[in-house]
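Participant: Need coordinates for the following:
(one chain, ligands or ions: 1)
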Amino acid sequence: MPRGGRLPDRHQRALDEHGHKYVIDAQVDEGYVLRESPDLTKAFGRDAPLIVEIGAGAADQIVAHAKENPEINHLAFEVWWPGVASSVARIVREEVENVRMISADAVLALPLMFGPNRKPDEVWTFFPDPWQKARHRKRRLVTPEFAQTVANILPSGGTWRLATDWDDYAWQMRDSIAAVSDFVNPHVGQRIDEDDPGDNGIVGGFAPRWDGRITTRFETRGLNEERRIHDLEVIRA
Ligand SMILES: C[S@@+](CC[C@H](N)C(=O)[O-])C[C@H]1O[C@@H](n2cnc3c(N)ncnc32)[C@H](O)[C@@H]1O
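Facilitator: Purely as a prediction, here's the structure:
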């Protein structure tokens with residue numbers, strides 16, 4: 001598994017002492033490609049409803065929710081190893097037993113890990129890397145193809161929640177989801193931005209802030225830099 005540079009001592013210690021429990025021991029090739037689907041029942045020590053967060057960063061959001069909802073299993077995908085290490089330190093500090101990390105590229109791992117026999121109840125994508133320079137936008141995570149991947153793994157009635165502090169990424173998310181007929185957006189036409197280009201003939205479609213979402217450092221940074229926050233909440237038909 002890729003390790004990156006030197007970690008702060010307390011994060012390294014958390015990994016050394018607790019990583020075997022909270023980081024799923026998965027076969028990952030170069031490029032964070034998951035080779036085989038891990039046994040989630042074994043990893044969590046139980047079967048329970050499941051929330052999957054893609055790009056959990058330092059796990060602020062998922063640990064806060066897990067603490068409030070001990071009956072739900074929470075699985076965090078994160079490819080940034082210092083983030084995984086700091087997440088393990090947080091899991092231990094907050095004494096939550098229902099979070100597991102996996103250091104694999106979620107785009108490729110989701111179809112491998114989930115299928116007819118196992119589906120998450122919710123997927124979260126909060127403040128994904130914005131890639132705001134025009135020439136980098138093709139690196140953004142949320143595209144119509146990725147929206148279809150999420151639709152394929154959610155059960156009917158399952159929810160995908162997203163948030164971003166970058167307007168044009170919010171509009172891209174909204175349009176990517178609208179391109180997938182498997183999703184119902186209960187907030188169609190709501191919260192229209194006056195400068196929304198509506199390139200695909202759609203404007204608005206944003207949800208009120210979900211009250212289960214805490215303010216992470218990425219949201220704080222966006223607010224400090226006077227960016228608007230957009231939330232999306234869509235349901236798998
Ligand atoms: C800007 S951070 C946001 C973290 C967190 N969601 C929050 O709001 O605090 C986005 C994270 O997504 C991770 N990431 C990006 N693409 C990913 C992928 N394909 N699979 C797993 N993690 C990914 C990055 O390493 C980064 O830590």
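Participant: rest of the way, CA atoms for contacts and neighbours
Facilitator: Fine.
Participant: Report the distance from the helix or strand of the chain with the lowest mean pLDDT to the chain centre.
Facilitator: Ranking every helix and strand in the chain by mean pLDDT, DSSP states H and E puts strand 28-29 at the bottom, with a mean of 86. Here strand 28-29 shows a centroid-to-chain-centroid distance of 20 Å under the convention CA atoms, centre = their mean, to the nearest Å.
Participant: is any part of that strand close to the ligand?
Facilitator: No. Strand 28-29 is not in contact with the ligand by CA under 6 Å from any ligand atom; minimum separation 12.2 Å.
Participant: partners of that strand, with directions?
Facilitator: If you go by DSSP bridges, strand 28-29 pairs up with strand 33-34 (antiparallel).
Participant: tell me the phi and psi of the closest residue to Arg209 other than its chain neighbours?
Facilitator: Counting by CA to CA, 6 or more residues apart in numbering, Asp231 is the residue found nearest to Arg209 once chain neighbours are left out, at 5.8 Å. The phi/psi pair for Asp231 (degrees, to the nearest 10) reads phi -110, psi 150.
Participant: all helices for this protein, in order.
Facilitator: 9-22, 40-44, 60-68, 81-94, 106-113, 144-153, 167-178, 217-224 (DSSP state H).
Participant: Tally up the residues packed near the residue nearest to Val142 when sequence neighbours are not counted, please.
Facilitator: Once flanking residues are discounted, Val142 sits nearest to Met173: 5.9 Å by CA to CA, 6+ apart. Counted with other CA atoms under 10 Å, the neighbours of Met173 add up to 23.
Participant: Quickly note the distance from Met173 to the ligand.
Facilitator: Using CA to the nearest ligand atom, to the nearest Å, Met173 is found at 15 Å from the ligand.
Participant: Quick check: that residue touching Thr143?
Facilitator: Yes. Between Met173 and Thr143 there is a contact under CA atoms under 8 Å: 6.9 Å.
Participant: tally of neighbours for Ala134?
Facilitator: Other residues close to Ala134 by other CA under 10 Å number 7.
Participant: meant to ask about Glu36
Facilitator: Counted with other CA under 10 Å, Glu36 comes out at 12.
Participant: In contact with the residue of the chain at minimum distance from the ligand, which residues are there?
Facilitator: Of all residues in the chain, Gly55 sits closest to the ligand, at 3.1 Å by CA to the nearest ligand atom. If you count contacts by CA atoms under 8 Å, 6 or more residues apart in numbering, Gly55 has them with Ala76, Phe77, Glu78, Val79, Thr125, Phe126, Pro128.
Participant: again, only this time at 10 Å
Facilitator: Taking CA atoms under 10 Å, 6 or more residues apart in numbering as the criterion, Gly55 is in contact with 76-80, 83, 103-106, 124-129, 141.
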